[in-house]
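Asks: Provide a 3D model corresponding to the input given below.
(one chain, ligands or ions: 1)
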Amino acid sequence: MAEKTALILGGGHGGLAVANQLRRALPPEHRVVVVERQSIFYMCGFNMRLMDGEMKDRREGERELSGLAQKGIEWVHGEILEIDPQARRVRTSSGTLEGDYLIIALGAEKVAGTIPGFAESAQNLYESEGALRLYRSLQEFDSGRAVVLICRTPFSCPAAPYEAAFLMDSTFRSRGNRNKVEIGIYTPEPRPMPAAGPNMGEAVIGMLKERDIKYYPQQKLQKIESGRRQILFEGGQAYFDLLVGIPPHAAPKVVREAGLTDETGWIPVDPATLETRYPGVFALGDVTSVRQPNPTGLFLPKAWVFADEQSRVIARNIAAQLRGEEKSDRFDGKGFCYLEVGNGLAAYGSGNFYAYPTARVYLELPSPGHHQERKRIELEQLETLA
Ligand SMILES: Cc1cc2nc3c(=O)[nH]c(=O)nc-3n(C[C@H](O)[C@H](O)[C@H](O)COP(=O)(O)OP(=O)(O)OC[C@H]3O[C@@H](n4cnc5c(N)ncnc54)[C@H](O)[C@@H]3O)c2cc1C
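Replies: Prediction:
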């Protein structure tokens, strides 16, 4: 069989997952090439452990991409400057590359700079330095109003802001000053994690109430006034002494300029096969807008658990096509997530995000077992991906 090349754009969670799956599924004469500008892989989920003090140094959660060569995966270290989906060709800072298959896994850019006042006021949970700084602030914060602010939807890991609020609650309880701190979450969402369906939303609201964490849904952010410590929303404002920010997200510029995105600003794909409107061009993970194929039409959350499952479907279908068989594998929308609540406990949600007429995801109560299981799975991901 003639040698084929699978060209993977982005060596984050989705890109590495699909590279590993393809390498396992394809005979060795076919090339698997990953283009990534960074030289290390870091699991963003570890930010929760940095914030909690369970992890002290981000390097514990990093792996060098140079290790990919041992697995037969080629890594091109470079910035992708231009994508031509029709020709399945990319221009990079390390030269021009072409693939028989193009798999786009370029993630979501965090564009904190688009919110006036964010950089001056907020601790950015979505950057590892921000999570570490937040850990130190929580050790020093004695009394006042601690706020978690979700700037815009969609954002990666819909559970993370709620985990941040739970972890603040548990930190202040262990420090003995919870009664002097008010905790609130402000979000444009109508309820927590709406794409997971009503059961999940109600379960999380119940957990917030139990811990006296105030919840303010449907808050459309305008700006943050850092001097006055005020957040301005359409039709209201809120005061903060400590602000944890979830920055707005956007598809990378190179993806937008390639004409791959639709009116949502993300790449539309077939919800079952992840193929874009260009044959042989797939997209997975945070850069996509995958609509739930049920009447809600909500977007699938941006989370690695989905990127991981999507990578299997893409790899099996490419392998089948190269064998001359039908591409018959389909992504079924099943997924899971953990919700850290502090003190070594985590709740666990799982279910079907493609269920009819709405996603059906159920939450199991916090336990030490779920916390340990999450740690085990994350470490396993780190070891197997890079
Ligand atoms: C705080 C936090 C906690 C999270 N917790 C969880 C969790 O518990 N469970 C879960 O399922 N998900 C979680 N997530 C979400 C998860 O990290 C993402 O869904 C996942 O990383 C998406 O993978 P991806 O490949 O689409 O994007 P990414 O992992 O972001 O990878 C994109 C890659 O593309 C590269 N890239 C971008 N542009 C270019 C360019 N022009 N040239 C070259 N390279 C480029 C980037 O450097 C990056 O490495 C969390 C996220 C955060 C921020």
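
Asks: what's the residue in the stretch 1-150 of the chain that the ligand sits nearest to in contact with, if anything?
Replies: Closest residue of the stretch 1-150 of the chain to the ligand, Cβ to the nearest ligand atom: residue 12 (1.8 Å). Yep, even glycine has a C-beta here, placed from its N, CA and C like the rest. By Cβ atoms under 8 Å, 6 or more residues apart in numbering, the contact set of residue 12 is 36, 41, 105, 107, 285.

Asks: The first one contacts residue 11, correct?
Replies: Yes: here residue 36 lies in contact with residue 11, judged by Cβ atoms under 8 Å, at a distance of 3.0 Å.

Asks: so the residue nearest the centre of the chain bridges to which residues?
Replies: Among the residues of the chain, residue 156 comes closest to the average C-alpha position under Cα atoms, centre = their mean, at 3.4 Å. Applying DSSP bridges to residue 156 gives these bridge partners: residue 302.

Asks: Can you name the residue of the stretch 151-300 of the chain nearest to the ligand?
Replies: residue 285 (2.2 Å).

Asks: Next, give phi and psi for that residue.
Replies: phi 80, psi -150 (degrees, to the nearest 10).

Asks: Tell me which residues touch the residue nearest to it when sequence neighbours are not counted, please.
Replies: Excluding its sequence neighbours, the residue lying closest to residue 285 (Cβ to Cβ, 6 or more residues apart in numbering) is residue 14, at 3.1 Å. Applying Cβ under 8 Å, 6+ apart, we find residue 14 in contact with 105, 107, 284-286, 304, 307-308, 310-311.

Asks: can you pull out the helices in the stretch 101-250 of the chain?
Replies: Here the stretch 101-250 of the chain has its helices, by DSSP state H, counting those that start in this stretch, at 118-121, 128-140, 160-175, 198-210.

Asks: picking that back up, quickly list what's touching both of residue 36 and residue 11.
Replies: 65, 75.

Asks: can you pull up the bridge partners for residue 95?
Replies: Residue 95 has the following beta-bridge partners by DSSP bridges: residue 92.

Asks: burial of residue 205, as a residue count?
Replies: 16 (other Cβ atoms under 10 Å).

Asks: Show the pLDDT at it.
Replies: We have a pLDDT of 98 for residue 205.

Asks: Test my guess that it contacts residue 191.
Replies: Yes: with contact defined as Cβ under 8 Å, residue 205 and residue 191 form a contacting pair (6.9 Å).

Asks: What parts of the chain come near the ligand?
Replies: By Cβ under 6 Å from any ligand atom, the residues of the chain that approach the ligand are 10-15, 35-38, 44-45, 47-48, 79-80, 105-107, 125-126, 156-157, 160, 252, 254, 285-287, 302-305, 307, 337-338.

Asks: In PyMOL, how would I select just the buried ones from those residues?
Replies: In PyMOL syntax, the buried subset of these is picked out as below (16 or more other Cβ atoms under 10 Å):
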select buried, resi 10+11+12+13+14+15+35+36+44+45+47+48+80+105+106+107+125+126+156+157+160+252+254+285+286+287+302+303+304+305+307+337+338
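
Asks: Low-confidence bits of this structure, can you list those?
Replies: For the chain, applying pLDDT under 70 flags the ranges 1.

Asks: and residue 189, what does it touch?
Replies: 150, 153, 217-218.

Asks: switch the cut-off to 10 Å
Replies: Applying Cβ atoms under 10 Å, 6 or more residues apart in numbering, we find residue 189 in contact with 150, 153-155, 158, 161, 195, 201, 217-219.

Asks: Could you single out the nearest of these to residue 291?
Replies: residue 195 (10.1 Å; Cβ to Cβ).

Asks: The closest one: neighbouring residues, count only.
Replies: 24.

Asks: Domain boundaries for the protein, per the record?
Replies: Following automatic domain parsing, one gets these domains for the chain: 5-108+251-333, 113-248.

Asks: Now distance to residue 353 too, for those domains, in TSV please.
Replies: Output for the domains of the chain, formatted as TSV (distance: least, Cβ to Cβ, whole Å):
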stretch	distance to residue 353
domain 5-108+251-333	4
domain 113-248	6
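
Asks: who wins for proximity to residue 348 among those?
Replies: Per Cβ to Cβ, nearest to residue 348 of the domains of the chain: domain 113-248, 10.7 Å.
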